[in-house]
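A.B. asks: Could you work out the structure for the sequence below:
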Amino acid sequence: MSMLKIYESLLVNIRSAKSGTENEEEIIDTEETSPGVCHSINMNEEVRNAILAYGFFAVIWSFGGVLHPDSKQRFSEYLKNLCDQDPTSSKPRGLQIPRSVQLPKFENVYDIVYVKKKFFSWCLWKDVVTPTKIEDIIKLNMKNNENDVHLMLNDIIVSTPGTAMQMYFLETLLLQDKPLLFVGPTGTGKTAITNSFLRHLPQEKYVVCQINFSVQASANQTQDIFLTKLERRKQRVYGAPLGKQAFVFVDDLNMPAKEKYGAQPPIELLRQWIDHGYWFDRCNKY
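C.D. replies: I've put the predicted structure just below:
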């Protein structure tokens, strides 16, 4: 399921890339065929390659994303050998992978991403890092806090391959209504990077509900905090304000205290919402 969600979100890039080339000048031109035909053939080949490459990427970050670090290295070598044209390497019969889609031999598969600059290709995460511009951060801070134009040090996120990776998954999955979970050691910037991404979202389109779990967090408190950010649409239906989309950011997910048998009610409430899309009304018993 995780692989299909990632793959579905990535395919949106292909549709946007195809629509973006409708008004571009033709790149390939020969005397034998018209420019339009050549461009169409070239574009179709790029689309086929992207579909295959995104499949690899979805496998890497679904099946491979939950592996132990030692197993990740072996998994990386296995996938690269699978793409290798060496006939002695074991791989399914008839598997043909275009050279332009093959995983780079000398890079770890977790260090690369398939993106389109001028053409689709595998790139290192460090190649997609965007420079940090203090001026843009100040403008955003002034827009969100009209009465306070002071810039705090924790408002500045210095772009690194790690931040580029997290921002990529936030943009790819969250904006396609796919929930995601970031897991990692304390102090690696998960909360700061996510908050930075959410602050940059247009306020006229999105509303953000942030919850910080603690040991004392309960399921009832969690549900009440959610509902304060939503509007009552019908008798039993709550939703984001009209014309907006609601995002929920839960920090310190592992903090709620466990019950006698190991359950954590706030997390079970989140699981019910993600799996089933609704909660029961505690007052009216429906």
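
A.B. asks: need the helices for this structure, in chain order.
C.D. replies: Under the criterion DSSP state H, the chain contains helices at 2-20, 35-62, 69-83, 134-144, 161-169, 190-199, 219-228, 265-276.

A.B. asks: Make TSV out of those and add distance to residue 238.
C.D. replies: (Each C-beta comes from the backbone N, C-alpha and C, glycine too.) As requested, those are exported to TSV (distance: least, CB to CB, whole Å):
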stretch	distance to residue 238
helix 2-20	24
helix 35-62	31
helix 69-83	41
helix 134-144	25
helix 161-169	28
helix 190-199	20
helix 219-228	6
helix 265-276	11
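
A.B. asks: List just the one of the ones you listed that sits closest to residue 124.
C.D. replies: Nearest of the helices of the chain to residue 124, taken as CB to CB: helix 161-169 at 7.3 Å.

A.B. asks: Any regions of the protein where pLDDT drops low?
C.D. replies: 1, 16-41, 43, 85-91, 135-155, 284-286 (pLDDT under 70).

A.B. asks: what residue is smack in the middle of it?
C.D. replies: Taking CA atoms, centre = their mean as the criterion, residue 169 is the residue nearest the geometric centre of the chain, at 2.1 Å.

A.B. asks: which ones are touching it?
C.D. replies: By CB atoms under 8 Å, 6 or more residues apart in numbering, residue 169 lies in contact with 61, 180.

A.B. asks: Over to residue 232?
C.D. replies: Residue 232 neighbours (CB under 8 Å, 6+ apart): residue 238.

A.B. asks: Starting from residue 275, give me the distance back to residue 204.
C.D. replies: For residue 204, the distance to residue 275 equals 31 Å [CB to CB, to the nearest Å].

A.B. asks: Next: residue 130.
C.D. replies: Using CB to CB, residue 130 is found at 35 Å from residue 275.

A.B. asks: for residue 60, same thing?
C.D. replies: Distance, residue 60 to residue 275, by CB to CB: 25 Å.

A.B. asks: between these two, which one's more packed in?
C.D. replies: Per other CB atoms under 10 Å, whichever of residue 60 and residue 275 has more neighbours is residue 60, with 22 against 8.

A.B. asks: For the more buried one, list the residues it contacts.
C.D. replies: Contacts of residue 60 were listed using CB under 8 Å, 6+ apart, and they are 79, 109-110.

A.B. asks: Looking at neighbours, which among these is most surrounded?
C.D. replies: In terms of neighbours by other CB under 10 Å, these top out with residue 109 at 23 neighbours.
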